[in-house]
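Visitor: take a look and give me a structure for this.
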Amino acid sequence: MSFYAVEQATPRLHRSELAVPGSNPSMFEKAAASKADVVFLDCEDAVAPDDKEQARKNIIQGLNDIDWGSKTMMVRINGLDTHYMYRDVVDIVEACPRLDMILIPKVGVPQDVYAIDMMVTQIETAKKRTKRIGFEVLIETALGMANVEAIAQSSKRLEAMSFGVADYAASTRARTTVIGGVNKDSVVLTDKDEQGNRDAFWTDPWHAAQTRMMVACRAYGLRPIDGPFGDFNDPDGYISAANRCAVLGYEGKWAIHPSQIELANQVYTPSAAEVTKARRIIEAMAQAAKEGKGAVSLDGRLIDIASIRMAEALIAKADQIAAA
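Guide: Numbers count the residues shown, from 1 in each chain. The predicted structure follows:
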């Protein structure tokens, strides 16, 4: 390991992140009763310009009046390029002690995060807030992805990054068929067989971007979260998208519809078999250490110190879920 120490973000359960429009307060109680780990009340894309001010008021009332239990409560503010943003930050942070995090959209450079940090720090000091607000940023533009490593180091408040596939696709001029979906034209062909036939295999057009964001997060102690999957009538497609990111090392995924919450929780909860195997790995390595060995075989496979680190991370996640 490098001698350079990286501070890990505030640990939070973050398997599912439910998006709720601030302009629709009738959905707030249902969100509070849901099994989502994180709920964000939205001031931005889900709210029409004429409804921005009322949505902000709805969010303040909802955060203060509703029992949200142990959920992490977050608000997505409007973009820094709008005149709505400063009132989102000032009004909501000043009035809502229940607020845990702010979701900053379309972050392009580290200075975007710095600007919100400065505002929040001043409000916390002025209002003598004892609970420190954390940040999640949306990486959803080509500029943001180009600067993702610098953004990951931009603030001590930063806890997580989400990959916003829809705006990212628009920013990069990608051809997409559905928010978070794949494209039938994104394929690789096998070589021709003896009869001249070839197989075509679909590829994932978001893989490179999701991997880059994940590496930036893990390098600097943040949680990587996958963004929305637009077709909420396609649970199989949602699970497939969630699994691809879970394999990469992501911690959770957005739910833009209540039906997607349980799917995200399912994908990002270690199975009993995985936990059992992780505990066996730790036990086997403990026995190897007693015998002076640095590696050992388990079920016909080599395991070593790196195996322990993976096993410990999985067990820590399972313990966090059990304690929730």
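Visitor: can you tell me the SS state at the nearest residue to S259 once chain neighbours are set aside?
Guide: Using Cβ to Cβ, 6 or more residues apart in numbering and skipping the chain neighbours, the partner closest in space to S259 is F232 (5.9 Å). No exception for glycine: its C-beta is placed from N, CA and C like everyone else's. At F232 the chain is in coil, as set by DSSP: H, G, I helix; E, B strand; the rest coil.
Visitor: and F232, how far from H257?
Guide: According to Cβ to Cβ, to the nearest Å, F232 and H257 sit 4 Å apart.
Visitor: next: I60.
Guide: 25 Å.
Visitor: can I assume A169 is in contact with T176?
Guide: Yes: checked against Cβ atoms under 8 Å, the pair A169 and T176 is within contact range at 4.5 Å.
Visitor: please name the bridge partners of the most centrally placed residue in the chain.
Guide: Residue closest to the mean C-alpha point of the chain, counted by Cα atoms, centre = their mean, is I225 at 1.8 Å. Under DSSP bridges, the beta-bridge partners of I225 are S162, G252.
Visitor: any idea how far S240 is from the nearest residue to T190 once chain neighbours are set aside?
Guide: Nearest residue to T190 in three dimensions, chain neighbours excluded: D199, at 4.5 Å (Cβ to Cβ, 6+ apart). Separation of D199 from S240 (Cβ to Cβ) stands at 19 Å.
Visitor: quick one: the helices in the stretch 101-250 of the chain?
Guide: Per DSSP state H, counting those that start in this stretch, the stretch 101-250 of the chain carries helices over the ranges 110-127, 142-146, 148-151, 165-172, 207-219, 235-248.
Visitor: need the residues that contact the helix or strand hosting R56.
Guide: Applying DSSP states H and E as the criterion places R56 in helix 52-65. With contacts defined as Cβ atoms under 8 Å, 6 or more residues apart in numbering, helix 52-65 is touched by 21-23, 25, 28, 41-43, 47, 73, 75, 78, 84, 87-88, 91-92, 95-96, 98-99.
Visitor: just to revisit the earlier point, distance-wise, check the residue nearest to the centre of the chain relative to A31.
Guide: Distance from I225 to A31, by Cβ to Cβ: 17 Å.
Visitor: and if you look at P228?
Guide: Here the distance between P228 and A31 works out to 16 Å (Cβ to Cβ).
Visitor: residues contacting A200?
Guide: Neighbour list for A200: V187, V188, L189, T190 [criterion: Cβ under 8 Å, 6+ apart].
Visitor: cool, K106 as well?
Guide: G79, L80, D81, L138, E140, T141, G144, G164, D167 are the contacts of K106 under Cβ under 8 Å, 6+ apart.
Visitor: how close does the fourth one sit to E53?
Guide: Put plainly, it is L138. Noted for L138: a distance of 22 Å to E53, by Cβ to Cβ.
Visitor: compare those two and say which one has the larger neighbour count.
Guide: Per other Cβ atoms under 10 Å, whichever of L138 and E53 has more neighbours is L138, with 24 against 14.
Visitor: re the thing from before, rank the contacts of A200 by pLDDT and give me only the lowest.
Guide: By pLDDT, V187 ranks lowest within the contacts of A200, coming in at 91.
Visitor: count the residues that sit near that one.
Guide: V187 - counted by other Cβ under 10 Å - has 12 other residues nearby.
Visitor: show me the beta-bridge partners of the residue nearest to it when sequence neighbours are not counted.
Guide: Once flanking residues are discounted, V187 sits nearest to A200: 4.5 Å by Cβ to Cβ, 6+ apart. A200 forms beta bridges with L189, as assigned by DSSP bridges.
Visitor: okay, now the unreliable bits of the stretch 101-250 of the chain?
Guide: The stretch 101-250 of the chain contains residues with pLDDT under 70 at 177.
Visitor: pretty sure T10 contacts A160?
Guide: No: contact status for T10 versus A160: not in contact, 9.6 Å apart, counting by Cβ under 8 Å.
Visitor: returning to that earlier point: ok, of the contacts of K106, which come out buried?
Guide: G79, L80, L138, E140, T141, G144, G164, D167 (16 or more other Cβ atoms under 10 Å).
Visitor: pick the one among the residues you listed closest to D299.
Guide: In terms of Cβ to Cβ, no member of the buried ones among the contacts of K106 lies closer to D299 than G164, at 40.2 Å.
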